[in-house]
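Q: One predicted model, sequence on top.
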Amino acid sequence: MNVIILVFMQVVLPILLLMAVGAILQRKFQFQLRPLAQLLTYCFMPAAIFLNIYNANLDYSLLLQLILYLFLFSLSLILLSNVIAKLLKLPPDEGAALKNSISLMNSGNYGLPVSQLIFSANPLGVSVQIIMLVFQNLLTYTYGMFNLMNASKSSAQIFKSLLRLPLIHALILGIVFQLFHLPIPAFALIPLEQLANGFVALALLLLGAQLATISLKSFHAVIGWSLLGRLVAGPAFALAFIYLLQIDGVIAQSLFIASSFPTSRNTATLALEYEKAPELTAQIVLYSTVLSSMTVTFVIYLALLLF
């Protein structure tokens, strides 16, 4: 129990405090959040991704194993959410909210800061989370949008959407610079480091500000199923596949911890954009983020204990 409390105090509580500050500031000043989100996505996050990949000691022989895990893990959650939606006989809009809330997790402005706190002395753990982040974004803008639109976008549209994601460019550049051992000149490295160092604080402040704009209404049954799927079934599936594929060490820790993150905030953004149960989706994001403070703490403890 003392270890769990220590994990909560050192990892989860600092995150909650920054989110609380963001929520308080949003209530007081009513920031325009879209420009801040764009600043985070197009500036701070790419810098953090690039430097973490550049500094990591990646074993590319493990990449295939990692991709296989991500495929199995995501497929299991997609199948689970579709089965639940059919059993509950949900209307299309609520069904889309349930499917996306279970399958898509907040690997960006929640998951990456958590990983940077836990694996500050081991860039490999953060690099695994970055690969998870990239995969989740690909899933969001393909499967997630398919659920909301009830029809698949054309391959050309999907490809163009993915090409516009700056994290893809940052990931590719980081891999190229690391593979060919390209040095980064000081005039470029210093601002990159400053941006990367500011990512965690800005990401969590923004997440808190976004949560402050969500209004709570009656507790819909879909919310309960979404929370069970995302915060309970997610880590359970992850643990099973980690053992099945015989993944261990820091990579196993990082993957298991990543499986416990709350529903992606992008689900609420896309639901609002396509007018598909936006209030329900926003509430799911809020509840899962708040409750994840307990589940993430427990999963971090288990990850450190088991691997």
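A: On my side now, so go ahead. Residues are numbered from 1 along each chain as shown.

Q: what residue ranges in the protein are flagged as low confidence?
A: Low-confidence segments of the chain, defined by pLDDT under 70: 1-3, 57-61, 149-162, 217-218, 272-274.

Q: Grab the longest helix from it for me.
A: Secondary structure of the chain per DSSP state H: the longest helix is helix 278-306.

Q: buried set for it?
A: Neighbour-count burial for helix 278-306 flags 278-289, 292, 295-297, 299-303 (criterion: 16 or more other Cβ atoms under 10 Å). All C-beta atoms are positioned from the backbone trio N, CA, C, and that covers glycine.

Q: Run the chain-centre distance for that helix.
A: 11 Å (Cα atoms, centre = their mean, to the nearest Å).

Q: State the distance from the most centrally placed residue in the chain to residue 113.
A: The centroid of the chain falls nearest to residue 107 when counting by Cα atoms, centre = their mean (1.3 Å). Residue 107 is 11 Å from residue 113, where distance means Cβ to Cβ, to the nearest Å.

Q: Residue 62 too?
A: Taken as Cβ to Cβ, the span from residue 62 to residue 113 is 24 Å.

Q: just residue 31 next, same as before
A: 19 Å.

Q: The nearest residue to residue 99 once chain neighbours are set aside: how many residues sit nearby?
A: Ranked by Cβ to Cβ, 6 or more residues apart in numbering and with sequence neighbours excluded, the top spatial neighbour of residue 99 is residue 81, at 4.3 Å. When neighbours are counted by other Cβ atoms under 10 Å, residue 81 registers 25.

Q: dump the residue contacts of residue 81.
A: Shown in contact with residue 81 (Cβ atoms under 8 Å, 6 or more residues apart in numbering): 98-99, 101-103, 229.

Q: which one of these is nearest residue 262?
A: For these, the closest approach to residue 262 (Cβ to Cβ) belongs to residue 101, at 9.2 Å.

Q: Please enumerate the helices of the stretch 1-150 of the chain.
A: Ranges of helices in the stretch 1-150 of the chain, per DSSP state H, counting those that start in this stretch, are 2-7, 13-29, 33-39, 45-55, 63-88, 92-103, 112-118, 123-139, 145-149.

Q: would a markdown table of these with distance to residue 307 be doable?
A: Listed next are those as a markdown table, based on distance: least, Cβ to Cβ, whole Å:
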| stretch | distance to residue 307 |
| --- | --- |
| helix 2-7 | 14 |
| helix 13-29 | 22 |
| helix 33-39 | 34 |
| helix 45-55 | 20 |
| helix 63-88 | 14 |
| helix 92-103 | 24 |
| helix 112-118 | 12 |
| helix 123-139 | 11 |
| helix 145-149 | 33 |
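
Q: Of these, which is nearest residue 251?
A: So among the helices of the stretch 1-150 of the chain, helix 123-139 is nearest, using Cβ to Cβ, at 5.5 Å.

Q: how big is the angle separating the closest one from helix 92-103?
A: Relative orientation of helix 123-139 and helix 92-103, computed by axes from the mean of the first three to the mean of the last three Cα atoms, to 10 degrees: 160 degrees.

Q: So which elements touch helix 123-139?
A: Judged by 3 or more Cβ pairs under 8 Å, 6 or more residues apart in numbering; DSSP states H and E, helix 123-139 is in contact with helix 45-55, helix 63-88, helix 112-118, helix 166-179, helix 249-258.

Q: Could you figure out how far the helix or strand harbouring residue 187 is turned away from helix 278-306?
A: Counting by DSSP states H and E, the element that carries residue 187 is helix 186-212. Put simply, helix 186-212 runs at 120 degrees to helix 278-306, going by the same axes, to 10 degrees.
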